[in-house]
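Q: sequence and predicted structure are below.
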Amino acid sequence: MKVFGDDEMQAMLATAKTYTLMVLRAGPNFGGPDTESVIWEHGRRNFGLRDDGRLAVVLPVTDDSGTCGVGVFAATIEETKAIMDGDPGVQSGVFVYDVHPCTGFPGDALR
């Protein structure tokens, strides 16, 4: 693991940008008869948001914790809330969500 000096850290920190972390959880209608089709449409919408560059990272959670996914939006808190309020999963009550401001570094990627 590389050790970064203070000057390198300052240079990298100067490139940080604001993002919004969204945590998706099971809502009151999760597990109902329409859940599977609603999740499919939610996923279709996520692909569109990714393609638009608004959803930088999408991570479905695959355990039984009640947390269904995590997303990092290249958007403000208000913009992210508007996006999520239009989500078919949220509108149907299959999902609920929380949003949190965060900072990230452009160019970070999943490998």
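A: Structure's in. What do you need? Remember, predicted model here, so these are calculated numbers, not experimental data. Residues are numbered from 1 along each chain as shown.

Q: only C-alpha atoms for contact and neighbour calcs from this point on.
A: Fine.

Q: pretty sure Ala74 contacts Asp52?
A: No - using Cα atoms under 8 Å, Ala74 is not in contact with Asp52, being 10.2 Å away.

Q: look at those two and report which has more neighbours.
A: Using other Cα atoms under 10 Å, the more surrounded residue of Ala74 and Asp52 is Ala74, with 20 against 10.

Q: contacts only, for that one.
A: Applying Cα atoms under 8 Å, 6 or more residues apart in numbering to Ala74 gives the contacts Thr18, Tyr19, Thr20, Gly53, Arg54, Leu55, Ala56.

Q: measure the nearest residue to Val38 once chain neighbours are set aside to Arg111 for me?
A: Leaving aside its chain neighbours, Val38 sits nearest to Gly89 (5.7 Å; criterion: Cα to Cα, 6 or more residues apart in numbering). Distance, Gly89 to Arg111, by Cα to Cα, to the nearest Å: 28 Å.

Q: circling back to that earlier point, mind listing what's buried in the strand or helix carrying the residue nearest to Val38?
A: Gly89 belongs to helix 88-91 when assigned by DSSP states H and E. Residues Pro88, Gly89, Val90 are the ones in helix 88-91 that count as buried (16 or more other Cα atoms under 10 Å).
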